[in-house]
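Undergrad: what's the 3D shape of this:
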Amino acid sequence: MGSLKSLGQGALVAAGLIWSFNITSLFMNGDVWLALLYLLILTIPTSALLYLKLKKRNPRAKVDTQEKWRNLLFSAQGAALAFWCFDILTTFYAINVTGLAVELNPLGWPLGILGACIYYCPAMAFSYVLLFKIKGIVSLYAAIPLTLLTLGMSSMNLMAGARNFQVFVDTAAMATGVGCGLLAVTGTVCLMLPFALKRTVTPVPRSH
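TA: Take a look at the predicted model:
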């Protein structure tokens, strides 16, 4: 479970960075309605995580330094997956939805996805074995260059996704009425979320 948690945390942090970049791009392009909508959508998971974090007041058990580094290094694999998914989703929009882009990979689209999959899947498996199965100081050091290589590969996916998202920024449009409606709905969800979490998290007192 520790490895899955690290993978999820890395993907979550990377998704937050990607979403923040998207908001900035929309604001800079002058598409205020979509930018505000994206910002409110980001507020929903952020406020939920913050509430749960503050609610959990139990003291943390001391974690071994090597264990912290294992979790940190493996979380980079989750971040790489998030960057890769961002590239895939924005490529689908740019090619299949708008038809304004072409796949540069010789395999074409969507077979070009396999090119990254050939690296990421073995890299994640090998990193998992080094960090959580062998659990030695040598294996920990061996995982560092593998992690750096994975982050380097995923940075290219991030840049490609950013270029593809620019196609969305240039083509997306939202009517004022639709924007107001979506903002109202999303804002209502943001306001109601803390109350819903409070009812969900707070234990129900047992009757004697």
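Undergrad: Please count neighbours and contacts with C-alpha atoms only from this point.
TA: Will do.
Undergrad: Skip the chain neighbours and tell me the closest residue to Phe165.
TA: Nearest-residue entry for Phe165: Thr90, 5.7 Å, with adjacent residues in sequence omitted and distances by C-alpha to C-alpha, 6 or more residues apart in numbering.
Undergrad: Tell me the pLDDT of the one you found.
TA: As predicted, Thr90 sits at a pLDDT of 87.
Undergrad: How many neighbouring residues does it have?
TA: 21 (other C-alpha atoms under 10 Å).
Undergrad: One more: Thr65?
TA: For Thr65, the neighbour count with other C-alpha under 10 Å is 8.
Undergrad: rewinding a little: right, and the residue nearest to Phe165 touches Gln166 too?
TA: No: with contact defined as C-alpha atoms under 8 Å, Thr90 does not reach Gln166; the gap is 9.1 Å.
Undergrad: Now name the helix or strand holding the residue nearest the centre of the chain.
TA: Per C-alpha atoms, centre = their mean, the C-alpha nearest to the average position across the chain is that of Ala15, at 2.1 Å. Assigned by DSSP states H and E, Ala15 belongs to helix 2-29.
Undergrad: Following the chain onward from that helix, which element is next?
TA: By DSSP H and E, the next helix or strand past helix 2-29 is helix 32-55.
Undergrad: Show me which positions of that next one end up buried.
TA: 33-44, 51 (16 or more other C-alpha atoms under 10 Å).
Undergrad: right, and the helix or strand after it?
TA: helix 65-92.
Undergrad: After that next one, heading C-terminal, what element do we hit next?
TA: Moving toward the C-terminus from helix 65-92, the next helix or strand (DSSP H and E) is helix 113-128.
Undergrad: who's in contact with that following helix?
TA: Contacting residues not belonging to helix 113-128 are listed as Ser3, Phe74, Gln77, Leu81, Trp84, Ile88, Ala143, Leu146, Thr147, Thr150 [C-alpha atoms under 8 Å, 6 or more residues apart in numbering].
Undergrad: May I ask which two of these are separated the most?
TA: Using C-alpha to C-alpha, the contacts of helix 113-128 span at most 26.2 Å, a distance reached by Ile88 and Ala143.
Undergrad: Could you list the low-pLDDT ranges of this protein?
TA: Scanning the chain with the threshold set as pLDDT under 70 gives 1-2, 48, 51-63, 100-108, 172-208.
Undergrad: The same query, at a cut-off of 50, please.
TA: Scanning the chain for pLDDT under 50 picks out 204, 207-208.
Undergrad: wait, doesn't the residue nearest to the centre of the chain sit right on Ala82?
TA: Yes: assessed by C-alpha under 8 Å, Ala15 is found in contact with Ala82 at 6.1 Å.
Undergrad: Return the distance of Leu148 relative to Trp33.
TA: The spacing between Leu148 and Trp33, counted by C-alpha to C-alpha, to the nearest Å, is 38 Å.
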